[in-house]
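Participant: Predicted model and sequence follow; I will ask about them next.
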Amino acid sequence: MVGFAERLGMKRKSAVGTGFSLPVIALIAAAAIFLVIGSLASNIFAQQTVAGLAQGAIFGSLALALVLIYRATEVINFAQGEMAMFTTYIAWALMDHGATWAWWAFVVSGIFGFGSFLAYLGYGYLDTWHGAATLLILPCFVIGLAKSRGHLRTPRGIGSLFLPGAAVNWLSLFGIGRALLLAVAGGMIVGGLTVMTFGMTRVFVPQDLTFMRLARSDLQSISARLIPLIAHDRAGFGGAICTTGATVLICVWCARPSRNLWQILCLAGVIGFATAIGVHPMVGYNDLVHLAPAILGAIMFIVGLILCWKPMRSR
């Protein structure tokens, strides 16, 4: 154990507190209250504030994700870009076309995304800065949903999620390709929920401990806070996969097949699967059992895109 700690360069010079930062939480809460009151008093205030915060939050979140991933792994990973592209596409469908399914896509993805933050209850570690960021973004998200609902075409019910964007012969090449894309999205939802559940309970799969050449007790002996910290990261990762899967599922099912949709799926798929699979050999984690679901999903996704290319290009 001593040798392992020395290889990691873990020198316990001082303890770093990870408790609540009350001034930060109070400041964020005050800002959120001010935003809500101002939005109720003036439409212009709400529009300008939400627009500014939305743009800042998007750029800030993407930049923060890049920094955190690089600092943790020393590998540049653009996986969060796929969610940014899908969000942009859904916003475009909502604002330019008043697509009801797009509004509900935000609702569903928001429930999965913000709801996954509550996974910390399972492992007992609350990231204060993560919580503060969530508290800041959530009011913007809710206000954005409320303001954009007026752009929807009627009917505005959740039933729009069950209406396909186009009639498809499922035995045709396009139908098979579309089914493969839907299957991959469904697999991402199930896989994400599985990863999040593991993060809240067992944290590690056997392949993880084999790769590290450590037992759970070895990690516990380094620091009592290490496993909850890893659990926090894993549960958040599972929530992100689940949220992305739900977003892809709704887009493929509800959106009108088009060249734009195919391009978004292609770019997001390349970024997502290339980084999810490619980072493993870069860090030496090459267990095929661990990688098999991602590799199978990538193959199905590529085949689905190829089969859908011609029909979606012509629409």
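Facilitator: Thanks, I have it.
Participant: Thought Leu182 was touching Gly245, still the case?
Facilitator: No: distance between Gly245 and Leu182: 10.4 Å, which falls outside the contact criterion (Cβ atoms under 8 Å). C-beta here means a position set from N, CA and C on the backbone, and glycine is covered the same way.
Participant: between the two, which one's more packed in?
Facilitator: Each of Gly245 and Leu182 has its neighbours counted (other Cβ atoms under 10 Å); Gly245 has more, 23 against 15.
Participant: give me every residue that touches the more buried one.
Facilitator: 185-192 (Cβ atoms under 8 Å, 6 or more residues apart in numbering).
Participant: Output those residues in a markdown table; the columns should cover distance to Gly157 and secondary structure.
Facilitator: Output for these, formatted as a markdown table (distance: Cβ to Cβ, whole Å; DSSP: H, G, I helix; E, B strand; the rest coil):
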| residue | distance to Gly157 | secondary structure |
| --- | --- | --- |
| Ala185 | 22 | helix |
| Gly186 | 23 | helix |
| Gly187 | 28 | helix |
| Met188 | 26 | helix |
| Ile189 | 22 | helix |
| Val190 | 26 | helix |
| Gly191 | 30 | helix |
| Gly192 | 26 | helix |
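Participant: So which of those residues is surrounded by the most neighbours?
Facilitator: Counting by other Cβ under 10 Å, top hit in these: Met188 with 25 neighbours.
Participant: ok, the residue lying closest to it once chain neighbours are set aside to Val252 distance?
Facilitator: Spatially, and ignoring its direct neighbours in sequence, Met188 is nearest to Gly245 (2.8 Å; Cβ to Cβ, 6 or more residues apart in numbering). Distance, Gly245 to Val252, using Cβ to Cβ, to the nearest Å: 11 Å.
Participant: Then Pro228?
Facilitator: Pro228 is 36 Å from Val252, by Cβ to Cβ.
Participant: So those two - more neighbours on which side?
Facilitator: Taking neighbours as other Cβ under 10 Å, Pro228 and Val252 compare with Val252 leading, 22 against 18.
Participant: burial measure for the residue nearest to the more buried one when sequence neighbours are not counted, as a count.
Facilitator: Nearest non-adjacent residue to Val252, counting by Cβ to Cβ, 6+ apart: Leu181, 4.8 Å away. By the criterion of other Cβ under 10 Å, Leu181 has 24 neighbours.
Participant: Leu181 contacts Leu305, correct?
Facilitator: Yes: between Leu181 and Leu305 a contact is recorded at 7.4 Å, counting by Cβ under 8 Å.
Participant: Now the common contact residues for the two.
Facilitator: In contact with both Leu181 and Leu305: Leu265, using Cβ under 8 Å, 6+ apart.
Participant: where do the helices sit along the stretch 201-315 of the chain?
Facilitator: 206-212, 216-222, 226-254, 259-283, 288-313 (DSSP state H, counting those that start in this stretch).
Participant: The ones you listed: which one's closest to Thr100?
Facilitator: helix 226-254 (8.9 Å; Cβ to Cβ).
Participant: Return the distance of that closest one from the chain's centre.
Facilitator: On the basis of Cα atoms, centre = their mean, to the nearest Å, helix 226-254 is displaced by 5 Å from the centre of the chain it belongs to.
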